[in-house]
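Asker: model the following, please.
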Amino acid sequence: QEQLVESGGGLVQPGGSLRLSCVASGFTINSWHLAWVRQAPGKGPEWVSIISTGGSKTRYADSVKGRFTITRDNFKNTVYLQMASLKLEDTALYYCARISKFIAGADPEYDLWGQGTQVTVSS
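Answerer: The predicted structure is shown next:
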């Protein structure tokens, strides 16, 4: 069974840092672009960051550019999101997702999601 499992969320003060991890099972991530997507209360999903199969290409939403870093370790079948300088508006449920289709200029399409990990930024 193909699965994505996120971890690393928690409560952090503004300006703090967190590192999210997403471990894949049932398939190897080598051939897949992957993304972190978040959903804040009352809002729709927002892709945060995307990483290419080999990790050489990354993209970030403007709202997190310069603060978040996405990486992957294909040997460990894991993708990471390092988050720094966290803001109140970063509070959301963060999902790891497998990209099934990605066309420049359009939002990615996903075919597999994790269960999410909660990130709460609060003083």
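Asker: so which bits of the one helix or strand Thr71 maps to are buried?
Answerer: Using DSSP states H and E, Thr71 sits in strand 68-73. By neighbour count on 16 or more other CB atoms under 10 Å, the buried set for strand 68-73 is Phe68, Thr69, Ile70, Arg72. Backbone N, C-alpha and C define where each C-beta goes, glycine included.
Asker: ok, the closest residue to the third one other than its chain neighbours to Gln1 distance?
Answerer: Counting by CB to CB, 6 or more residues apart in numbering, the nearest residue to Ile70 once its immediate chain neighbours are dropped is Ser49, at 4.1 Å. From Ser49 over to Gln1 the distance is 26 Å, taken as CB to CB, to the nearest Å.
Asker: and for Ala35?
Answerer: The value you get for Ala35 to Gln1, if CB to CB is used, is 21 Å.
Asker: need the pLDDT of the residue most central in space within the chain.
Answerer: When the chain is reduced to its mean C-alpha position, the nearest residue by CA atoms, centre = their mean turns out to be Trp36, at 2.0 Å. Trp36 carries a pLDDT score of 98 in this model.
Asker: go on, Gly54?
Answerer: In this prediction, Gly54 has a pLDDT value of 88.
Asker: can you tell me the SS state at it?
Answerer: Local secondary structure at Gly54 is given as coil here, using DSSP: H, G, I helix; E, B strand; the rest coil.
Asker: distance of it relative to Val48?
Answerer: Taken as CB to CB, the span from Gly54 to Val48 is 20 Å.
Asker: returning to that earlier point: in a strand, the residue nearest to Ile70, correct?
Answerer: Yes - going by three-state DSSP, the assignment for Ser49 places it inside a strand.
Asker: measure stretch 21-38 end to end?
Answerer: One end of stretch 21-38 to the other measures 14 Å (CA to CA, to the nearest Å).
Asker: got the buried residues for the helix or strand sitting right after the strand holding Thr71 along the chain?
Answerer: Following the chain from strand 68-73 toward its C-terminal end, the next helix or strand by DSSP H and E is strand 78-83. Along strand 78-83, the positions that meet the burial threshold by neighbour count (16+ other CB under 10 Å) are Thr78, Val79, Tyr80, Leu81, Met83.
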